[in-house]
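# Got a predicted structure plus its sequence, pasted below:
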Amino acid sequence: MSSRTTAFGGVISLLGAFLASALVLGLLLAGLVMPAVGATGALARGGVDVFNDLPSEFKTDPLAQQSRILAADGTVIATPQDQNRTIVPLKAIAPIMRKAQVAIEDRRFYEHGGVDLQGVVRAAVSNLQAGATESGASSLTQQYVKISLQYSALSSGDKEAAAAAVKKDYMRKLKELKYAITLEKRMTKDQILEGYLNLVYYGDRAYGVEAASQHYFSIPASKLSVSQAALLAGLTQNPGTTDPVNNPKRAIDRRNVVLAAMYDQKVITQKQYQQAKARTLKQDMKVTNPKSTCLSSPYPYWCDFIINYAMEMPELGKTREERRRTLYQGGITITTTLDPRIQDATQKAVTSKVPIGDKSEVGAAAYVTDPKTGKVLAFAQNTKYTVGKQTLGATGINWALDKKYGGSSGFQFGSTAKAFGLLTAMESGMNTKSSVKAKAAGGNSQATYTPKEWPGGTVDGCGPGGTWKVYNDSPFAGGNISLMEATAKSTNTAFVALAEQLGGCKVRDTGMRLGLHQADGGQIPPYAPAYILGGSEVSPQGVATAYATLANDGTRCPVVAITKIVRNGKEVKLPSSACKQVADPDAVRATDKFLEYNMTNGSGIRNQLDGRQSAGKTGTANKNNESWFAGYTPNLATAVWVGTPDDGNKRNMVDLTIGDKYIPKMHGAAVAAPIWKSVMSTALEGMPVEKFKQPSDKLLNGDNTTIPDVTGMRVNAAVDALQAAGFNAGVGGTMRSSVPFGRVAGTSPSGTAKSGSFITLYTSGAGMSFGGDTNGFTNNANQTRQNRRSGRTGTPTPPRTPTADPTQATADPTRTPKATKTKAPKPKPSKTPKPSASTKSPTKPTKPAPQPTKPVKPTTPPAA
C-alpha cells in the first residue's frame, strides 16, 4: 500500500511540474507576443520576468564522428573514433526513417513551436491514470536540446554539468523549454530533425542513424525499410535495454510499438504494418562491427602505422592532442598508399616461408616501396596483430617499420651495407673494374684490424673503434681482389679494405645520404663494423628507402603513406613531394652494375626475376642471428628481414627447421631472398619492364692510365705498384732479359691502359742468374738447370698466375682469365716478345723463351 502511495505521490509531483511548466509557458508566450506590461496579474508578471531572465543562447559543439582510413583503391582499412558516428544530411536518410522517428517521439513535431502543450497535458493524464511515469512530455526539439547539452558537457569533461543536463528538476525543465523555443526560431524543422538523427544514441555503441544503420543492417540510412526504420526509431528511448544485438526480444516488442504508432498516424498502410510486423530480426539484420580499432581492421598493422604517421602531421593540428581529436572525432577521410594486391601478395610470401607461430620462433618482415615517389605500397610480417601481451606469433610491434611508426629498435643488416661502400667508391673515382688489396680470412681464420692501422683514428676517422676481428664466409687467401668479385662473394675483408682506403666516414655518410638511419631515429654510429658490415640496428623500412634511392638514380624520396585528406568536405593541402638528388646518377648506375652482377653470378643467382633486370644484395649479421635480402628494379624496391626479434644477438640461426625446411645455417639467400623474389614477381605484374641506365664508359671501364714502369722490381713490389695505380696484375711467363732472375723484365700491355685492366708481368728467365727472388713463382730456366743436376728430364714446371681467391667460386667478368700454362721450349728458336724493358739482351738467346699468352679483353658485367 505504501509503495502505491509513493508512486501516486510521484505522479502528482510530476503532474504539478507539468502544470507549472504549462503555466509558465503560457506566460512566456504572452510575453513573446506583447510587452510585459500587457500581462495581467503579479503571478504572470513575475513568471515572465523569471523566464525572460533564463539564458536563451543555445550553442552546440561539433559532433564527434568517426574518421575513415582508406587503401589506395578505396577499401576501408579502419574507422578511428571516439564515438561510432557518421554525420549525414537529411536527404541521405530514408523518408520512412524520418517519419518513424517523428511518429514515436513527437507526432506534432511539424505543428508546434518547440513545446507541445497537448503532449504535456496528455502525458500528465496518462501517467496519472497508469499510476506511474510511463510517458514523457518532451518534444523532439526539447530532446535534442537536452542531449546536446549533455554531449557538450561530456565533451569538455564536465561530468557535473552532464548530470545536470538530464536531472529531473523544475528549473532545468524551464531552461530546456526556453532553449527549445529559441532554437525553433533559429533553425527549421528539418534542420532540427537532421541534428537529432545524427546525435541520438541507438545502442550497442552506435551514435546517429547512419552508424546505427551500418552497424545493425550493413546498409546506409538511405536504404532502410519500414521494419528496419521502426526498429531504429524505437531504440532512442531506452537504447541500453532494447538494442537488437543484446536484447532481441525487447527490440522486437519496441519495434512493434513504433509500427503501431506509424499505422495509427497513417504513415504506413495496414498491409505495410502487417508485413513489417511479420519480419524477424534474422531477416532484417546483418550486423557489421565498426573498424573502430586496429584489431578489427583487415590490415591491422597498416591501421596502426597510419595512426602513428598521422600523429606526426602538422596539417591535422599544432599539437599531438589536436591531431588526436582530429583523427578520432573530426570525421576526416584519409586515403593511403596501401596497394591491397601487393599487400596480400607480400603477406602470403612472408608467411608461406616463415609460418605464423612457427616453432623456430624466427621472425620475418618485408617492406615494399615505390622508388620514384617514396610511397609505401606494402609491408608484412609473420605475426598476428595484438595490443596486449605478445605471444609466439602475435605482437603489436611492426618489425618492418621504424620505431616512431610502431616498429622495433631494429636489427643488424649485415652485408646489405656493402652497397653504400660501392657507391662511395664510384663517387670517389674508382670504376667497375677496380680492385682492392684485402687481408686473408675464412674458416677459422680471422683478419684483425686496429685503430692504429686505420687512417684518422677511431672515432673521428670512423675506424674500427677497437681491435676488430673480421671473418669471411668464403675463405679468401688475401691479396688483390676486384670489387666485382668481392661483391659476388661478399668478401668482408675486401670491403673493410675499401672503407679504409676511401675513408670510413665517407662510406657512413653515403648510407645516411641515401636515407639509412637506425630504427630508433639515430644516426649510424661512426664505427666501421656499423656502416660497412651492417652492425648497426636498422629497419626494413630504412634499408628499403636507401636501396630505393639507388633504384631512382640517386634521388631520395621520403616516406609517403598518405596521399589525400578530406575534412568537412574540403581537401586538406598536403606538402608536395620532397624528393632530392643525393648521389651522383652516374655513380649510382655503376653501383647498379655490381648489384646486377650479384644477381646473375653471386648470392642472388637463384632468385633472379624472370624477364627483368634486378639488383640486390644479401646480408647476414654476425653469428647468423639476422639475415636480409634487399633489392630493386627501376619500378620497385623491397627489403626483407628474417631473424630473431626477441633474442637478438644472443641467438644464432643454425641447425633449425622453419616450416618443413631444414636450414643448417641461416644466410640471406636461404629464406629472405626467396621471399623477395616472390614479393617482387607478383608486385611487378602489369608494370612496364624497365632497364637500368648505363653508366659512363669512364665508370664502366675507367680512363686510360699510364702503366708504371716496374722493370727490375721484384714481383710482389711490381704487383703493389700496379694495384696502387688502379690495375690488376699477375705473372704470365718468363723472357730473356739482363735484369736479375725472377725480377720483372716487362709487361703486357705497356704504356697506357684502362684503369682496372689486367697487366701481365714477365719475369727474367735468361741463361744467367744474379740470385734474383722469384717470390714464389717458379722460373723455367732455374728449374731446367735443377733438373739437369738431379738427372730429371721432362718439361719445366710452367709459371703460376696468382688469383684473388684460389677457390674461384665465382667468375670475375672484369679481369682477364688466368694465363694458359706456358709450353716447354721447343728446339727451334722463336721470336721473343717485345716488352717494355729497360735493358734488352744484346745477343741472340741460346734457348728460346716461351711465347706469352695474349691477354683476353675484359668483358663488362652481364645484364640480369
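Done, it's in. Numbers count the residues shown, from 1 in each chain.
# Next one: residue 326 relative to residue 300, how far apart?
22 Å (Cβ to Cβ, to the nearest Å). All C-beta atoms are positioned from the backbone trio N, CA, C, and that covers glycine.
# got it, and residue 175?
Counting by Cβ to Cβ - residue 175 and residue 300 are separated by 46 Å.
# and if you look at residue 441?
Separation of residue 441 from residue 300 (Cβ to Cβ): 45 Å.
# Between these two, which is the more surrounded one?
Taking neighbours as other Cβ atoms under 10 Å, residue 441 and residue 300 compare with residue 441 leading, 25 against 21.
# Specify the beta-bridge partners of that one.
Bridge pairing for residue 441 (DSSP bridges) gives the partners residue 476.
# count of residues packed around residue 753?
Number of residues near residue 753 (other Cβ under 10 Å) recorded here: 22.
# Does it lie in a helix or a strand, and which?
In this structure, residue 753 is located in strand 752-754 according to DSSP states H and E.
# what's that strand in contact with?
Taking contacts as Cβ atoms under 8 Å, 6 or more residues apart in numbering, the residues outside strand 752-754 that touch it are 433, 701-707, 727, 759.
# let's see 10 Å
Strand 752-754 is contacted from outside by 431, 433, 697-698, 700-707, 725-727, 747, 759, 855, 858, using Cβ atoms under 10 Å, 6 or more residues apart in numbering.
# Tell me the buried residues within these.
Among these, those classed as buried by 16 or more other Cβ atoms under 10 Å are 431, 433, 700-702, 707, 725-727, 747, 759, 855, 858.
# Out of those, which two sit at the greatest distance?
Longest distance between any two of the buried ones among the contacts of strand 752-754 is 23.4 Å, between 700 and 747; criterion Cβ to Cβ.
# give me the number of residues near residue 320?
Per other Cβ under 10 Å, the neighbour tally for residue 320 reads 11.
# Going forward, count from 623.
New numbering, starting at 623: the last item is residue 942.
# what's it in contact with, if anything?
Here residue 942 is in contact with 933-934 (criterion: Cβ under 10 Å, 6+ apart).
# quick one: it and residue 935, what's the gap?
The value you get for residue 942 to residue 935, if Cβ to Cβ is used, is 11 Å.
# Also residue 926?
Distance, residue 926 to residue 935, by Cβ to Cβ: 16 Å.
# which of the two has more neighbours?
Set residue 926 next to residue 935 and count neighbours by other Cβ under 10 Å: residue 926 wins out with 24 against 18.
# Just say helix, strand or coil for the more buried one.
Assigned with DSSP: H, G, I helix; E, B strand; the rest coil, residue 926 falls in the helix class.
# separation between it and residue 1384?
In this view, residue 926 and residue 1384 are 68 Å apart by Cβ to Cβ.
# before we move on, what about residue 1285?
Using Cβ to Cβ, we find residue 1285 at a distance of 49 Å from residue 1384.
# swap in residue 1061?
Note on residue 1061: its distance to residue 1384, by Cβ to Cβ, is 28 Å.
# More neighbours: which of those two?
Between residue 1061 and residue 1384, residue 1384 has the larger neighbour count (other Cβ under 10 Å), namely 26 against 19.
# List the neighbouring strands of the host helix or strand of the more buried one plus their orientation.
Secondary-structure assignment from DSSP H and E places residue 1384 in strand 1380-1386. On the basis of DSSP bridges, the sheet neighbours of strand 1380-1386 come out as strand 1350-1357 (parallel), strand 1366-1370 (antiparallel).
# Can you flag the weakest of those strands by average pLDDT?
Lowest mean pLDDT within the strands paired with strand 1380-1386: strand 1350-1357, at a mean of 86.
# returning to what we had before: save the strands paired with strand 1380-1386 as CSV, and put in distance to residue 1114 too.
As requested, the strands paired with strand 1380-1386 are exported to CSV (distance: least, Cβ to Cβ, whole Å):
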stretch, distance to residue 1114
strand 1350-1357, 20
strand 1366-1370, 31
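# List just the one of the ones you listed that sits closest to residue 1134.
Here strand 1350-1357 is closest among these (Cβ to Cβ), at 31.7 Å.
# Excluding covalently adjacent residues, which one is nearest to residue 1373?
residue 1329 (6.2 Å; Cβ to Cβ, 6 or more residues apart in numbering).
# ok, the one you found to residue 1003 distance?
Taken as Cβ to Cβ, the span from residue 1329 to residue 1003 is 54 Å.
# sorry, back to before: mind listing which of the contacts of strand 1374-1376 are in helices?
Counting by DSSP state H, the contacts of strand 1374-1376 place 1319-1320, 1322-1323 in helices.
# if we take the residues you listed, which one ends up nearest to residue 896?
Distance to residue 896, by Cβ to Cβ, is smallest for residue 1322 among the ones in helices among the contacts of strand 1374-1376, at 85.8 Å.
# is it true that that closest one touches residue 1209?
No. Applying Cβ atoms under 10 Å, one finds residue 1322 not in contact with residue 1209, separated by 11.6 Å.
# overlap in contacts of the two?
Residues within reach of residue 1322 and of residue 1209 at once, by Cβ under 10 Å, 6+ apart, are residue 1053.
# How many residues are close by the closest residue to residue 829 other than its chain neighbours?
Leaving aside its sequence neighbours, residue 829 sits nearest to residue 707 (Cβ to Cβ, 6+ apart; 3.9 Å). Using other Cβ under 10 Å, residue 707 has 26 neighbouring residues.
# again, but for residue 1066
7.
# So it sits against residue 1093, correct?
Yes. The pair residue 1066 / residue 1093 is scored as a contact, 8.4 Å apart, by Cβ under 10 Å.
# so what pLDDT did residue 678 get?
pLDDT, read off for residue 678, is 61.
# Please apply the same query to residue 727.
Taking residue 727 on its own, its pLDDT is 95.
# how close does it get to residue 858?
For residue 727, the distance to residue 858 equals 7 Å [Cβ to Cβ].
# shared neighbours of those two, anything?
Counting by Cβ under 10 Å, 6+ apart, the residues touching both residue 727 and residue 858 are 762, 765, 818, 822.
# What strand or helix carries the third one?
Just to be clear, that refers to residue 818. Going by DSSP H and E, residue 818 is part of helix 811-821.
# Sort out which residues of that helix are buried, please.
Within helix 811-821, the residues that count as buried by 16+ other Cβ under 10 Å are 814-821.
# tell me which strands and helices it is in contact with?
helix 717-727, helix 762-777, helix 792-808, helix 831-839 (3 or more Cβ pairs under 10 Å, 6 or more residues apart in numbering; DSSP states H and E).
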